[in-house]
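**Student:** heads up, no residue letters with this:
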């Protein structure tokens with residue numbers, strides 16, 4: 001059951017897709033106080049209560065004990081003391097034992113503060129602007145509450161199948177030759193690769209929708225040559241538009257009033273990579289359509305995927321703040337800077353970037369409603385991604401386009417995925433990535449992952465291996481590194497065979513990963529889940545912070561500490577342990593319910609299959625280069641002229657030849673496999689469902 005409470009005159013954010021009638025009563029589950037500027041909601045928590053959700057945030061799966069602030073922030077240092085990251089995901093579930101559990105979504109696009117027992121351990125306090133909408137979701141169990149919320153906010157974005165392959169990125173690939181070397185580095189070593197990313201250096205002086213012709217003299221030809229090798233190029237698009245005469249995007253934006261305005265009605269001036277810039281007003285539907293159709297210029301040159309960045313929006317400085325700070329610094333020129341005045345000087349400089357006061361200095365035209373930016377700050381990245389997605393629906397209506405963003409808000413999951421931003425090559429960030437995945441899935445964001453190996457700092461070989469061993473399960477599997485860090489393409493490390501084997505395991509698991517992703521998206525379910533969602537009666541499972549359910553059949557327990565050769569694992573039920581050094585080198589062992597210490601060498605992938613469950617593992621040849629080379633069920637059946645009349649026996653023969661089935665059947669195990677062409681959006685007519693039932697005696701396959 002979903003209840004909707006409206007306070008003041010909230011803006012229509014676009015977060016929800018269902019029409020829920022406004023409740024005529026006050027919230028009974030929470031205590032509410034409404035003041036002129038703020039709305040506060042609070043309730044008591046028992047010691048054993050657990051708080052799930054809040055999407056992209058720091059700390060553990062259980063969010064108790066800290067204050068989280070939803071206010072999208074360009075801050076690459078994701079340490080435990082940070083209250084905000086790049087997104088605003090205002091949804092949580094309070095899981096309670098003595099009282100019914102419930103979910104709460106605060107639909108307010110400005111700053112929202114969640115004090116989850118930091119001030120007082122057993123008190124939850126939520127503070128938002130006074131003009132907001134509150135949704136309370138009650139259900140039979142955690143999965144029911146999660147499913148209702150997903151239905152409220154709409155079906156998750158579905159990426160093309162190639163976007164589930166392994167992907168390589170680095171800020172610092174300067175030209176065609178750099179990318180060719182990367183592709184050759186993978187292909188010559190027989191390591192699969194589906195995409196290489198273009199960071200800001202592909203552009204002409206960091207201008208959106210331009211190409212540096214010296215570095216890429218024949219961009220469309222280069223794009224085609226890469227696709228002929230199974231590799232997609234994925235360029236970055238930033239939010240800031242450079243102020244430059246005769247630059248068409250700038251000129252059109254100024255002429256048509258498509259940019260955000262300052263308090264005096266002039267185009268707001270801030271700075272990002274290209275220096276002084278204007279910012280498209282994505283809240284204006286005309287501006288949104290204009291900017292979205294700019295992507296067509298790159299799509300016409302063969303591009304089939306994009307990542308939107310710097311869209312909190314990031315501000316190196318605002319023009320007015322820079323002028324004021326420079327004047328203040330000049331007055332200190334001849335001073336003897338002591339302790340206090342020195343830090344006053346550095347504080348002035350530090351205040352230039354991403355200053356919240358700057359967010360109060362520019363405005364949006366929300367289709368006729370003038371609104372100050374800080375009141376809708378968390379929506380900016382959402383609406384930038386919506387602009388692209390809406391344009392893709394017109395430019396290529398029947399084709400999936402890869403799209404994900406750095407900043408987001410609840411509801412953006414309908415238009416694209418996210419990556420978790422500029423993490424670092426720290427073991428703690430590997431753990432953070434593990435713990436963020438179910439929280440993001442709970443908020444509807446299924447196509448997601450973190451920069452494998454870490455974006456900042458230098459990745460060590462053992463960290464890269466362990467991160468890959470987790471990353472093979474994330475839908476977005478992208479290795480990404482910053483300029484000036486160690487080159488961390490996997491072929492740069494010793495013991496290359498270990499890295500190659502792990503990435504090949506990803507491609508072997510891809511039929512399962514894709515099938516489970518699609519079922520999660522189409523059925524409003526979670527691909528990643530905390531153990532408690534599957535084992536609600538197990539009090540110990542509810543306390544596990546570093547193991548996840550992945551799809552219906554798999555539980556993972558990644559290793560995330562340096563020099564570890566194993567770890568303790570809790571099994572909520574009897575499970576089959578699968579130990580893999582390669583697709584060919586596998587060991588199986590049935591493990592009993594309870595606590596175990598599991599050895600796991602640095603080059604081993606270990607996961608667990610649930611009792612009476614199973615999964616497909618693709619049989620790969622040695623020359624596979626990308627997802628296009630996978631022998632998947634849909635591809636094989638589609639090649640047959642009599643595909644419409646294929647029999648269950650034909651399907652069974654096909655499935656047996658291209659998949660190895662891993663299962664744990666005390667009596668029988670069954671699995672329903674989803675597969676499709678991976679390109680079109682017409683999922684239902686073209687879907688291929690098969691049900692596989694495995695007993696102790698036989699394996700049976702039938703069309704569902």
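**Tutor:** Structure received. Everything numeric in this text was worked out from a predicted model, so none of it was measured.

**Student:** show me where the stretch 251-400 of the chain has helices.
**Tutor:** In order along the chain, the stretch 251-400 of the chain carries the following helices (DSSP state H, counting those that start in this stretch): 285-292, 296-299, 319-330, 339-350, 380-395.

**Student:** deepest of those, which one?
**Tutor:** helix 380-395 (a mean of 23; mean count of other CB atoms under 10 Å). Quick note: C-beta positions are derived from backbone N, CA and C, even for glycine.

**Student:** ok, back up a step: for residue 235, which of the helices of the stretch 251-400 of the chain is the nearest?
**Tutor:** Of all these, the one in closest proximity to residue 235, counting by CB to CB, is helix 296-299 (6.2 Å).

**Student:** Who are the packing partners of that closest one?
**Tutor:** Secondary structure elements in contact with helix 296-299, counted by 3 or more CB pairs under 8 Å, 6 or more residues apart in numbering; DSSP states H and E, are helix 380-395.

**Student:** Distance from the next helix or strand after the helix it packs on to the middle of the chain?
**Tutor:** Scanning the chain past helix 380-395 towards its C-terminal end, the next helix or strand to appear is strand 402-405 (assignment: DSSP states H and E). Using CA atoms, centre = their mean, to the nearest Å, the distance from the centre of strand 402-405 to the centre of the chain it belongs to is 9 Å.

**Student:** Which strands or helices does strand 402-405 pack on?
**Tutor:** With contacts defined as 3+ CB pairs under 8 Å, 6+ apart, strand 402-405 has these neighbours: strand 305-309, helix 380-395, strand 417-419.

**Student:** Would you format those as TSV with distance to residue 70 and mean pLDDT included?
**Tutor:** As requested, the helices and strands packed on strand 402-405 are exported to TSV (distance: least, CB to CB, whole Å; pLDDT from 0 to 100):
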stretch	distance to residue 70	mean pLDDT
strand 305-309	19	98
helix 380-395	12	98
strand 417-419	14	98
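
**Student:** returning to what we had before: switch the helices of the stretch 251-400 of the chain over to CSV; also include distance to residue 421.
**Tutor:** Formatted as CSV, the helices of the stretch 251-400 of the chain follow (distance: least, CB to CB, whole Å):
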stretch, distance to residue 421
helix 285-292, 22
helix 296-299, 23
helix 319-330, 24
helix 339-350, 20
helix 380-395, 11
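
**Student:** What count of nearby residues applies to residue 519?
**Tutor:** As a burial measure, the neighbour count of residue 519 was computed by other CB atoms under 10 Å and equals 17.

**Student:** wait, what's in contact with it?
**Tutor:** 525, 551-552, 672, 674 (CB atoms under 8 Å, 6 or more residues apart in numbering).

**Student:** hmm, which of the residues you listed are the buried ones?
**Tutor:** Neighbour counting with 16 or more other CB atoms under 10 Å marks 525, 551-552, 674 as buried within those.

**Student:** Relative to residue 223, which of those residues is nearest.
**Tutor:** Among the buried ones among the contacts of residue 519, residue 674 lies closest to residue 223 (CB to CB), at 30.0 Å.

**Student:** re earlier: out of the helices of the stretch 251-400 of the chain, which comes closest to residue 1?
**Tutor:** With respect to residue 1, and counting by CB to CB, the nearest of the helices of the stretch 251-400 of the chain is helix 380-395 at 26.8 Å.

**Student:** contact partners of that closest one?
**Tutor:** Under the contact criterion CB under 8 Å, 6+ apart, helix 380-395 has outside partners 14, 72, 86-87, 157, 237, 239, 280, 282-283, 288-289, 291-293, 295-296, 299, 306, 308, 311-313, 373, 401, 403-409, 411-412, 414-416.

**Student:** cool, and stretch 500-508?
**Tutor:** 165-166, 189-192, 465, 468-469, 471-472, 477, 490, 513, 580-583, 603, 605, 617-620, 624, 627, 630.

**Student:** So for it, mean pLDDT?
**Tutor:** Computed over stretch 500-508, the mean pLDDT rounds to 98.

**Student:** for the nearest residue to residue 563 once chain neighbours are set aside, helix, strand, or coil?
**Tutor:** In space, residue 563 comes closest to residue 462 once its chain neighbours are excluded; the distance is 7.3 Å by CB to CB, 6 or more residues apart in numbering. Assigned state for residue 462: helix (three-state reduction, DSSP: H, G, I helix; E, B strand; the rest coil).

**Student:** ditto for the one 4 residues further on
**Tutor:** Counting by three-state DSSP, the backbone at residue 466 sits in helix.

**Student:** so the nearest residue to it once chain neighbours are set aside is in which element?
**Tutor:** Of all residues not flanking residue 466 in the chain, residue 559 sits nearest, at 5.3 Å (CB to CB, 6+ apart). For residue 559, there is no helix or strand it lies in under DSSP H and E.

**Student:** Surely residue 559 and residue 469 touch.
**Tutor:** Yes: applying CB atoms under 8 Å, one finds residue 559 in contact with residue 469, separated by 7.2 Å.

**Student:** These two: which has the busier surroundings?
**Tutor:** With other CB under 10 Å as the criterion, residue 559 and residue 469 differ in neighbour count, and residue 469 comes out ahead with 25 against 22.
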